[in-house]
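**Student:** what follows is a predicted structure for the sequence shown.
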Amino acid sequence: MDSVRFGRALGVGARAAAKSLVTAVDAATAPNPGTAQQPQVQRPRGGAAPSPTQKVAQAATQATRATGGVVRGSKRFGEAVWSPFVRLSGVLWLEFTGVFFGIFAIYAASGAWKLRHDLIERAGNHDAHVHFLMAAVMAVVFSYFCVSSFLRARRRGRAR
């Protein structure tokens, strides 16, 4: 598979990385520069050959451009892979906590249902009345947490 087809399959970041890899492989498999014919280098206007410092400066500029492309490509690749993973794991966590709060809400609601006959406080029944009220308040609070957690998960799941 050539670098272009590979890049199309995986995205811009992978394409830039594949091109850099192909360039590095070509450079590694090229014959020794001392024995091969030197490539044509653009000469300054005076007709003189470029100085060694100019060659080094050109090589450094090309290397900086290539490195910048790889950095940008890897950053885009990371964003393309990591961002959906973070978002979906956050949605899953909110749904998990919603279920957790829902279990507590059901447990508290069943306790309040068992104590429902103690709704009206009687003289000797004050403790049972307090237990009913605490169970009812706990059921309401955990139900709120459950519903709000699922709503936040839905909102986060629909966001870009």
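**Tutor:** All right, it came through fine. Numbering: from 1, shown residues only.

**Student:** show me the helices in this protein, by range?
**Tutor:** Counting by DSSP state H, the segments of the chain that form helices are 3-10, 12-29, 52-114, 126-158.

**Student:** okay if I get those helices as a markdown table plus mean neighbour count?
**Tutor:** Placement of C-beta: from N, CA and C, glycine included. Putting the helices of the chain into a markdown table (neighbours: other C-beta atoms under 10 Å) gives the following:
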| stretch | mean neighbour count |
| --- | --- |
| helix 3-10 | 14 |
| helix 12-29 | 15 |
| helix 52-114 | 13 |
| helix 126-158 | 15 |
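
**Student:** out of these, which is closest to Ile120?
**Tutor:** Proximity to Ile120 (C-beta to C-beta) singles out helix 126-158 among the helices of the chain, at 7.9 Å.

**Student:** by contact count, what packs against the closest one?
**Tutor:** Packed against helix 126-158 by the contact rule (3 or more C-beta pairs under 8 Å, 6 or more residues apart in numbering; DSSP states H and E) you find helix 52-114.

**Student:** mean confidence for the helix it packs on?
**Tutor:** Here helix 52-114 scores 85 as its mean pLDDT.

**Student:** show me what it is packed against.
**Tutor:** Against helix 52-114 (3+ C-beta pairs under 8 Å, 6+ apart) you get helix 12-29, helix 126-158.

**Student:** what angle separates that helix from helix 126-158?
**Tutor:** 150 degrees (axes from the mean of the first three to the mean of the last three C-alpha atoms, to 10 degrees).

**Student:** still on that earlier bit, need the helices of the chain in a markdown table with distance to Ile120, can you?
**Tutor:** Listed next are these as a markdown table, based on distance: least, C-beta to C-beta, whole Å:
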| stretch | distance to Ile120 |
| --- | --- |
| helix 3-10 | 69 |
| helix 12-29 | 68 |
| helix 52-114 | 14 |
| helix 126-158 | 8 |
